[in-house]
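S.K.: Here is my input, please return the structure:
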Amino acid sequence: MTVKNPRSTSGKIGTKKGLALAQLGMMLEYPDQTYLERMKKLAESVRKDFPETDEPLQNLLSHLSEKPFQFWQEFYTSTFDLAAICSLYVTGYIFGDENFDRGTIMAIFNEQFETAGFNPGKELPDHLCCILKFAAHLDCETLQEMTDYCLLKPVESMIEQLKLSDNKYQQLLSAILIVLKNKDYEE
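M.R.: Predicted coordinates for the structure are as follows:
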């Protein structure tokens, strides 16, 4: 995967699909005080270009709206962090947890992030949030390559893990999968 400069003459970067994935990636971040309001705005934006995400996103937002702030953090942590139901590190799904190829892929991601001027923050480069946010920096061809080789299988596996415990985050990952599988998008 090589990042090509997706900047158009208008100065806009990425594709509608990449921007939607980046917004979904922001929805998958650890909750803070503005979490619910931010989630609602991001979901509304994604639904404009990908209306088929409406049902899963509304299901998640309805569930979270009924709960206090402390619940959101505990729910996120129990789902993705401590004694996690589901890991958000995609290379574990591709290679397995103990494979040295994971490091190679993370190094490639770091190089590509740097080339694109993308700051992944404090997460490892194979964290789903980072990769989804990075999607906004990619052209159609590169985004499709990353989707096919790095995202489809891991996201499908994450959804299956979350379904086992009827975890509502499966709704957000289902919306991500809908966008990943969408082939009818504009640059």
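
S.K.: shaky segments in this protein?
M.R.: For the chain, the stretches flagged by pLDDT under 70 are 1-13, 184-187.

S.K.: quick one, helices of this structure?
M.R.: Assigned by DSSP state H, the chain shows helices spanning 16-27, 35-49, 54-65, 69-80, 90-95, 101-116, 128-134, 140-146, 152-164, 169-181.

S.K.: now for these, which one comes closest to K122?
M.R.: helix 128-134 (9.6 Å; Cβ to Cβ). Any C-beta I mention is one placed from the backbone N, CA and C, and that applies to glycine too.

S.K.: what comes into contact with that closest one?
M.R.: For helix 128-134, contacts defined as Cβ atoms under 8 Å, 6 or more residues apart in numbering pick out 21-22, 24-26, 28-29, 88-90, 109, 112-113, 116, 118, 120-121, 123-125, 146, 150-151, 154-155, 158, 176.

S.K.: likewise stretch 102-110?
M.R.: By Cβ under 8 Å, 6+ apart, the surrounding residues in contact with stretch 102-110 are 1, 91-92, 94-95, 120, 124-126, 130-131, 134, 150.

S.K.: Show me which positions of it end up buried.
M.R.: Counting neighbours by 16 or more other Cβ atoms under 10 Å, one finds that the buried residues in stretch 102-110 are 102, 105-106, 109.

S.K.: so which of those residues comes closest to Q58?
M.R.: Nearest member of the buried residues of stretch 102-110 to Q58, counting by Cβ to Cβ, is F109, at 32.0 Å.
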